[in-house]
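just the structure for this:
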Amino acid sequence: MEFIAKSRISKKIYKLALMLREMDINVYIYGESGTGKTHLAKFISPNAKFYNEKIKSDEVIVENIQNDFNFKFKRVIATGYTPLSNDLKDKFAIQLELKPLNERKEDIPAFIEHFSNKIKEELKIDKNITIKIDKNENLHTLKQKIYKKFLCSDYNKNDIIEILKEFFDKNYSENDSYNSMLKIFDKALIEVLLKKHKSKLQTAKHLKINRHTLTKKVNELEN
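Take a look at the predicted model:
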């Protein structure tokens, strides 16, 4: 299993993780959602099984560990969002904090390449994409963004129509109206054009509608 470490912070974690692979001690990994805690846990203990009450394994990975956890296993790799409580501190030899992605910016291009190669292999496609990174990006949102970019890049109008037909078939109810369904199209189109042109005036011009009409639509979509 690969562990991406291009930033200074991640390289330190990587070196420590390599040492921990050779040691039978309990490890606790904490950090915000989408920092890669579970992936690091699997890197440290590749043979560990995800914990459930019926599991039979020497090593387990426990996500969001609680104070009442029964430490009956040879080794526990646990994850959480905050540092350990006083009740659990003495159960773990090591605590590791995984910083948010915006503090490990050098890792981002490598993650993009990793996720891109994975979806290329899964979908049997050979093309490249360009991704714009938000300042609050995490691994979950980054992965979703890359998958969506790949999946949507080859769609034509007929593909979109088929997707919408499936969506309406599953989601349309008697309480919905024609206008409520049109809001789906309005929201997508208006948000894209506002982001592209950065001006209600220019957006209204490209949509060939009055600026006041656009403002009214924007206000309706926000409610």
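
show me where the chain has strands.
In the chain, strands defined by DSSP state E lie at 27-30, 49-50, 59-63, 75-80, 94-97, listed in chain order.

quick check, distance from the third one to the centre of its chain.
It refers to strand 59-63. 21 Å (Cα atoms, centre = their mean, to the nearest Å).

pull the CA atoms of the helix of greatest length in the chain into CSV?
Longest helix of the chain, by residue count under DSSP state H: helix 178-197. Written as CSV, here are the backbone C-alpha positions of helix 178-197 (Å, rounded to 0.1, in the frame of the first residue of the first chain):
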residue,chain,number,x,y,z
TYR,A,178,-42.8,21.8,-13.5
ASN,A,179,-41.3,24.9,-12.0
SER,A,180,-39.7,23.1,-9.1
MET,A,181,-38.0,20.8,-11.6
LEU,A,182,-36.8,23.7,-13.8
LYS,A,183,-35.0,25.1,-10.7
ILE,A,184,-32.6,22.2,-11.0
PHE,A,185,-31.5,23.4,-14.5
ASP,A,186,-31.6,27.1,-13.4
LYS,A,187,-29.4,26.5,-10.4
ALA,A,188,-26.7,24.5,-12.3
LEU,A,189,-26.6,26.9,-15.2
ILE,A,190,-26.7,30.2,-13.3
GLU,A,191,-24.0,29.1,-10.7
VAL,A,192,-21.7,28.0,-13.5
LEU,A,193,-22.1,31.3,-15.4
LEU,A,194,-21.8,33.5,-12.3
LYS,A,195,-18.6,31.7,-11.4
LYS,A,196,-17.3,32.0,-15.0
HIS,A,197,-18.2,35.7,-15.6
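
packing partners for that helix?
Identification of packing neighbours for helix 178-197 by 3 or more Cβ pairs under 8 Å, 6 or more residues apart in numbering; DSSP states H and E yields helix 200-207, helix 211-222. The C-beta positions use only the backbone N, C-alpha and C, and glycine is treated the same way.

how near is the closest residue to E32 other than its chain neighbours to L194?
Across the structure, with Cβ to Cβ, 6 or more residues apart in numbering as the measure, the residue nearest E32 apart from its sequence neighbours is P100 (5.3 Å). In this structure, P100 and L194 are separated by 28 Å, where distance is defined by Cβ to Cβ, to the nearest Å.
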